[in-house]
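*Asks:* heads up, no residue letters with this:
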């Protein structure tokens, strides 16, 4: 294992520790943080559930590559590096590190309102402070940075394809949430959109 491998494993552990820790904390207070697919049908429901399946596959492959194990879920050509440019790898490291800072800041800014999916039954208040004063979608921005950064550290067709699919899927999910927030919060959300950008 080299420095990039140790970095990936370390940040993967940190990400899941923060994610699961916050989930357990909210669940212990009687809050249901997972609302993926609730009230949705067809393509929208499939898209939300497919992200969880994709995240699982991506995580497994990240561990397999970081530990230099010979087994993979897909054909070997998908794991051959497209380039070997150290500057781009370090850019990937910086993107993941910055993204993780944004993620932790966003979790803190969310308070008890953090949800995975759109919670139509308990939407809470409109979040505009903390990380949300810099980005309307800080957690989605983190996810984009994490997948793109990984594709630069391990520049093979598997991680590159995943990064592109995640960028497209996240953008589609953001558009869905924006429609919901506009209906839920009206003029307050319109004013917020006017002062804070969608990503950065």
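*Replies:* Sure thing, it's come through. The structure displayed is predicted, hence computed values, not measured ones. Numbering: from 1, shown residues only.
*Asks:* confidence-wise, which helix or strand of the chain is lowest on average?
*Replies:* For the chain, using mean pLDDT, DSSP states H and E, the weakest element among its helices and strands is helix 42-66, scoring a mean of 88.
*Asks:* residues touching stretch 116-133, excluding its own?
*Replies:* If you take C-beta atoms under 8 Å, 6 or more residues apart in numbering as the criterion, stretch 116-133 is touched by 23, 31-39, 48, 102, 105-106, 108-110, 112-113, 138, 176-177, 180-181, 184-185, 188-189, 192, 196. Every residue, glycine included, has its C-beta placed from N, CA and C.
*Asks:* so for that stretch, mean pLDDT?
*Replies:* The average pLDDT for stretch 116-133 rounds to 84.
*Asks:* heads up, I number from 175, so please use that
*Replies:* Okay, using 175 as the starting number, the last item reads as stretch 290-307.
*Asks:* in that stretch, which of the residues would be classed as buried?
*Replies:* Neighbour counts over stretch 290-307 (16 or more other C-beta atoms under 10 Å) mark 290-293, 301-302, 305-306 as buried.
*Asks:* how about the least confident helix or strand of the chain, which residues are buried there?
*Replies:* 221-222, 225, 232, 235-236, 239-240.
*Asks:* try stretch 359-374
*Replies:* 359, 363, 366.
*Asks:* do the same with stretch 251-261
*Replies:* residue 253.
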